[in-house]
Structures are given as C-alpha cells and as structure tokens.
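>>> Pasting the sequence and the predicted model now:
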Amino acid sequence: MNRILLTGFEAFGDHPSNPTLTALAAFGNQQIAGAQIVTQALPVDAARMPGVLEEVLRRLRPQAVLLTGLAAGRVQLSLERAALNVLDFRIPDNAGVSFQDAELFPGGSDAYLSTLPLRAVLGAWQAAGLPGYISDTAGLYLCNQAMYLARHQLGPSVPCGFLHVPADETLALAQPSGKPPLPYLPQVEINRGIELALAVLAGQLESVQKEKQTTGV
C-alpha cells in the first residue's frame, strides 16, 4: 500500500492554534483512495525542524508528501508552486530566532518546484465548491524551508509540495478586538480540502503503479 506523509505545523507567533495541526488528528492512520496516510507535526523552529523532517522522511520512505501550513490573512486554500533557497522571516520562529536574506541550504539549488499534481488538485477543489488557487512561492518562513528541504531530500521521483490554508474559525474568534477581522475558512472545509488533495495524490500514485505493472517497467 502506498504511504502518503501529511505534515502540519505547531502554533506560532501570536496565533493560539494552527489549523494544520488540528487537521492532523483527522487524518492520522486513515486510508484515503487506497493510500495509508501518516501524519507528522513539525516545530516552528528553523534549527530543529529540518532534523524532524529528515528523520520522518528517512524512516517512512513515503511514496508522496503533502506539507501543510497556515497563511493567516489568506481567504482561500493555496497550492505553492515553488520553494526558494532563502530564509527571511517577518517574525521570529518559536525559538526567538530570525533570519534576513539568509541562504537556506548553502550551495543548493536556487529553487525547487512542487511535484504535486497542482492542476488536478485545483480541479478537485473547484468541482467540490472549495475556494483555492495556485500561489507562486511558499514565502520565506518555515513553510518554505520545509518544502525546500523535503524536495531536496526526496528528489524528483516522489511527489511533494506545500498547501497553505487560511485561518479557521478558532483563530478568527481569537483575533484581538483592536485588530482587523481575520478572514477564515471553517476547519471542516480546511479538512475537506486536504482530504481532496490527498485523494488526488493517492489516485495519481495508483495510476502510476498500474501503468508500471502493465508495461512491466
């Protein structure tokens, strides 16, 4: 059975929770479209996160990876097209560390493109009435760091990419009264978007397997 790794991040900044961490509880050890879903929470710590991610990728050897993170202020689900070899933080990470114009992976590629079936996932969202789009980059915070490092470690043969989600209702309600209202998507819809992305990914893996069996490659 194919294994798909689904990751989310812990809460960070002034956000009391993270909808991607909440979503992990809904998908752990679930089967979607014939694939086993394995989940992993990632720390918002630029020094610690790479080791956690590297270890789980090495241990699980997944057939595909869907990384997820919070993009508070966005109003739609967003698939990221590229991760850049840059760290430039608007706010410090949870260890209090910040970077400006720093090289993420010294001597590495300038960027890595997503190897997820972006258009197929977007089409599935549209068919299901979910708001979503393809974003050009994963930013320059830990979401970008995770996507870059995962793509670097896995190479081009393992589908891998990043999905940003908006705030959920919990974060919207927790927004301080002095700040503008925070756009949100209900957690149930965030979970539905993640599930559809996983189903598309699982279907792609199954199709590739069947093609290999048919051709004998």
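Nice, thanks for sending it over.

>>> For the longest helix seen in the chain, buried residues please.
When the chain is parsed with DSSP state H, its longest helix is helix 187-215. For helix 187-215, burial by neighbour count (16 or more other CB atoms under 10 Å) applies to 187, 189-205. Where you see a C-beta, it was placed from the backbone N, CA and C, and this is true even at glycine.

>>> Would you check that Asp45 makes contact with Asp93?
Yes. Asp45 is within contact range of Asp93, at 5.4 Å (criterion: CB atoms under 8 Å).

>>> Show me where this protein has its helices.
19-27, 49-60, 118-127, 142-154, 169-174, 187-215.

>>> Which of those helices sits closest to Ala82?
Proximity to Ala82, assessed across the helices of the chain by CB to CB, is greatest for helix 142-154 (8.3 Å).

>>> quick one: that closest one to chain centroid distance?
10 Å (CA atoms, centre = their mean, to the nearest Å).

>>> Please name every helix or strand in contact with it.
Applying 3 or more CB pairs under 8 Å, 6 or more residues apart in numbering; DSSP states H and E, we find helix 142-154 packed against strand 3-9, helix 49-60, strand 64-70, strand 77-84, strand 86-87, strand 111-113, strand 160-165.

>>> Tell me how confident the model is about stretch 87-96, as a mean pLDDT.
Averaged across stretch 87-96, pLDDT comes to 98.

>>> quick revisit: can you list residues touching both of Asp45 and Asp93?
Here Asp45 and Asp93 have Leu142 as joint contacts, going by CB atoms under 8 Å, 6 or more residues apart in numbering.

>>> more crowded one of the two?
Asp93 (22 against 18; other CB atoms under 10 Å).

>>> before we move on, the earlier item: just put the helices of the chain in JSON lines and tack on mean pLDDT and distance to Asn2.
JSON lines is the format used below for these (pLDDT from 0 to 100; distance: least, CB to CB, whole Å):
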{"stretch": "helix 19-27", "mean pLDDT": "97", "distance to Asn2": "15"}
{"stretch": "helix 49-60", "mean pLDDT": "98", "distance to Asn2": "11"}
{"stretch": "helix 118-127", "mean pLDDT": "98", "distance to Asn2": "16"}
{"stretch": "helix 142-154", "mean pLDDT": "98", "distance to Asn2": "14"}
{"stretch": "helix 169-174", "mean pLDDT": "95", "distance to Asn2": "32"}
{"stretch": "helix 187-215", "mean pLDDT": "89", "distance to Asn2": "5"}
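
>>> Tell me which of those helices lies nearest to Leu104.
The nearest among the helices of the chain, by CB to CB, is helix 142-154 at 5.6 Å.

>>> Now that closest one: buried residues?
Applying 16+ other CB under 10 Å to helix 142-154 flags 142-152, 154 as buried.

>>> now stretch 18-35
Under 16+ other CB under 10 Å, the buried positions of stretch 18-35 are 18-24, 26-27, 32-33, 35.

>>> Off-centre distance for that stretch?
So, by CA atoms, centre = their mean, the centroid of stretch 18-35 is 12 Å from its chain's centroid.

>>> end to end, how far does that stretch reach?
In stretch 18-35, first residue to last residue: 25 Å (CA to CA, to the nearest Å).

>>> swap in stretch 64-76?
23 Å.

>>> and what of stretch 175-191?
End-to-end distance (CA to CA), stretch 175-191: 21 Å.
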